[in-house]
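*Asks:* from the sequence below, what's the structure:
(2 chains)
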Amino acid sequence: MAEIIQEEKGKGGKRKAKKHPPHIDMTPMVDLMCLLITFFMLTTAFSKSKIMEIILPEKLQENQPQDAPRIAAARTMNIILGPDSRLFWYPGTVKEEQFNALPPLYETDYSADGMRKLLLDRNRTLARRIAEFRAEVISGKIVINQDSVQSSISQMKKVDDTGPIVLIKAYKKANYGNFVDILDEMNICGIARYTFMKIAWYEERMVEAAISSPPPSGSSAN
Amino acid sequence: MPKIKLPTKSPRIDMTPMVDTFCVVLTFLMLTTQMRQPEPATVDTPFSISEKPTPDFNMMTFLLSPDGQVFMNFDNGGDTLSQFRSKILVEMGKRYGVEFTPDEQREFEKFPSSIGVPIMQMKEFLDAKDNATRKKFQTGIPIDSADNQLAMWILYARQINPNYQACVKGDSKTGFELVEKVLDILQDKNVNRFNLITSLEATKINLEEIQQ
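*Replies:* All right, here's what the predicted structure looks like:
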């Protein structure tokens, strides 16, 4: 609708443009831009995915026999990821020779009242120290940059000798979501020492016993 | 009551400032946007509290679908000129006796999403031009111990670019056996540090909860 109003003057028809600049109708342009903006906003991936680091111990060479690392049984906690998103745990260690008198497994779940409570109970000293440290950083009592916060926390974890040593094992039918969930719990609770291990045959048997003996929901017995 | 006379002409609205703002927003969005590449398998990543962002390059990503297929993707590194992708493909070809033409290498280099094609069908896959035909070849990389092509991909990828970081992208419902197997293959190739790709979910525990 750009309109240039021209006035005719007299018979000679001498055309003279008006002084003010002509209006350009911008509506189609605005329409187009609206469309493009909407398109880009919808296609943009705003939430960039995050990564969670995990470092596994190096594989043992077959020709280099090595003693199993000595860890305190009282501090050890074994977590076994079961089928159907079930979660089992038992404290201490079980030796291979005990296979006909295996201790029962305790069952818990992935909720805040389940595994997180268990872990926090065992990791109270360290978790409190980390939480207090974080609170002081946030409130401004300690002025420190973000990188140093991380390294201070990992230093706290390194010197800690009261928290549990968590061994994570997965039964055959566990799924990947469970694995990430349990690693996440370790991060939430600030567990200093945890690792992922292959499940032993007697532990598999313990899981099978735990699944079959007290059917909690009735039908999911394997 | 006297009638209010409205001007017959509709008032003109000056749209210039609006157009200016739109231009700015549009430019911003166009520059920041990264088109999401369609992956050969839909994967819903699990949630975690980790706030570390994914690196922009030097990633080799293993996509583990819920139905047990393995796909792999790696980037060209920080500098596109280094052409890591096509070099890795050529090495793989040499290992399995397949020769790739420069056209096919270029095709592989710019293929945007993960690849799950057995190396013997790679040539046909790259020669196929339409996506529907290509999708048929995406059956997952073989990981059996008899024909472990994934291990070879990892080996050559790390030979060509030692800076690759291993990232595992799995669905929450992917069986753990598959994940364990892939981690095992990676450990065989001396990769002990993994990044699990997750989506952010904020969970915080407060001081009171610990002190109860």
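
*Asks:* show me the contacts for the residue in chain A that chain B sits nearest to.
*Replies:* Closest to chain B within chain A is A:G177: 3.0 Å, counting by CB to the nearest CB. For glycine as for every other residue, the C-beta is placed from the backbone atoms N, C-alpha and C. With contacts defined as CB atoms under 8 Å, 6 or more residues apart in numbering or on different chains, A:G177 is in contact with A:85, B:46, B:171-174.

*Asks:* what's the neighbour count on B:S145?
*Replies:* 8 (other CB atoms under 10 Å in any protein chain shown).

*Asks:* can you pull the contacts of the residue of chain B found nearest chain A?
*Replies:* Chain B approaches chain A most closely through B:S172 (3.0 Å), counting by CB to the nearest CB. Counting by CB under 8 Å, 6+ apart, B:S172 makes contact with A:175-177, A:180, B:44-46.

*Asks:* walk me through the domains of chain A.
*Replies:* Listed domain ranges for chain A are A:73-121+A:164-212, A:124-162 (source: automatic domain parsing).

*Asks:* deepest-packed of those, please.
*Replies:* Of all the domains of chain A, domain A:73-121+A:164-212 carries the top mean neighbour count, a mean of 18, counting by mean count of other CB atoms under 10 Å in any protein chain shown.

*Asks:* now the strands for chain A?
*Replies:* A:50-55, A:76-81, A:87-91, A:106-108, A:165-170, A:193-197 (DSSP state E).

*Asks:* tell me what the last one is packed against?
*Replies:* Packing contacts for strand A:193-197, counted by 3 or more CB pairs under 8 Å, 6 or more residues apart in numbering or on different chains; DSSP states H and E, involve strand A:165-170.

*Asks:* thinking again about what came up before, can I get the strands of chain A in CSV including mean pLDDT?
*Replies:* Shown next, in CSV, are the strands of chain A (pLDDT from 0 to 100):
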stretch, mean pLDDT
strand A:50-55, 84
strand A:76-81, 86
strand A:87-91, 86
strand A:106-108, 84
strand A:165-170, 86
strand A:193-197, 84
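
*Asks:* for B:I115, grab the count of nearby residues.
*Replies:* Counted with other CB under 10 Å, residues neighbouring B:I115 total 23.

*Asks:* from B:L126, how far off is it?
*Replies:* Going from B:I115 to B:L126 by CB to CB, to the nearest Å gives 10 Å.

*Asks:* got the buried residues for the longest helix seen in chain B?
*Replies:* When chain B is parsed with DSSP state H, its longest helix is helix B:16-32. The neighbour-count check on helix B:16-32 (16 or more other CB atoms under 10 Å in any protein chain shown) flags B:22, B:26, B:29 as buried.

*Asks:* right, and the helix or strand after that helix?
*Replies:* Following helix B:16-32 in sequence order, the next helix or strand is strand B:47-48 (DSSP states H and E).

*Asks:* okay, now the sheet partners of the helix or strand following that next one, with direction.
*Replies:* Using DSSP H and E, the helix or strand that follows strand B:47-48 towards the C-terminus is strand B:52-53. Strand pairing for strand B:52-53, using DSSP bridges, gives strand A:50-55 (antiparallel).

*Asks:* any regions of chain A where pLDDT drops low?
*Replies:* In the predicted model, chain A carries pLDDT under 70 at residues A:1-18, A:45-47, A:61-69, A:213-222.

*Asks:* contacts only, for residue 126.
*Replies:* You didn't pick a chain, so chain A it is. By CB under 8 Å, 6+ apart, the neighbours of A:L126 are A:156-157, A:160, A:162-163, A:190, A:192.

*Asks:* switch to chain B, please.
*Replies:* B:L126 makes contact with B:100, B:104, B:107-108, B:111, according to CB under 8 Å, 6+ apart.

*Asks:* so which of the residues you listed sit within helices?
*Replies:* Among the contacts of B:L126, the members falling in helices (DSSP H) are B:104, B:107-108.

*Asks:* restrict these to those near chain A?
*Replies:* By CB under 8 Å from any CB of the partner chain, no member of the ones in helices among the contacts of B:L126 lies near chain A.

*Asks:* find the residue at the geometric middle of chain A.
*Replies:* A:D184 (4.6 Å; CA atoms, centre = their mean).

*Asks:* got the contact list for that residue?
*Replies:* By CB under 8 Å, 6+ apart, A:D184 lies in contact with A:52, B:47-50, B:198, B:203.

*Asks:* so A:L183 sits against B:F194, correct?
*Replies:* No. Using CB atoms under 8 Å, A:L183 makes no contact with B:F194, being 10.7 Å away.

*Asks:* who touches both of those two?
*Replies:* A:I54.

*Asks:* so how many other residues sit close to B:Q159?
*Replies:* By other CB under 10 Å, the residues close to B:Q159 number 11.

*Asks:* which stretch of helix or strand covers it?
*Replies:* Applying DSSP H and E, one finds B:Q159 within helix B:149-160.

*Asks:* run through who's touching that helix.
*Replies:* Contacts for helix B:149-160 (CB under 8 Å, 6+ apart): B:60, B:70, B:72, B:74, B:84, B:87-88, B:91-92, B:95-96, B:118-119, B:141-143, B:164, B:166, B:182, B:185-186, B:188-189, B:191.

*Asks:* starting at the chain centroid, how far to the strand of greatest length in chain B?
*Replies:* The longest strand of chain B (DSSP E) is strand B:193-200. Per CA atoms, centre = their mean, to the nearest Å, the displacement of strand B:193-200 from the mean C-alpha position of its chain is 13 Å.

*Asks:* can I get the CA coordinates of that strand in CSV?
*Replies:* Extracted in CSV, the C-alpha atoms of strand B:193-200 (Å, rounded to 0.1, in the frame of the first residue of the first chain):
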residue,chain,number,x,y,z
ARG,B,193,36.7,-43.0,31.1
PHE,B,194,33.2,-42.6,29.9
ASN,B,195,30.7,-39.9,29.7
LEU,B,196,27.1,-40.9,30.1
ILE,B,197,24.8,-38.5,28.3
THR,B,198,21.8,-37.6,30.5
SER,B,199,19.2,-34.9,30.8
LEU,B,200,19.3,-32.5,33.7
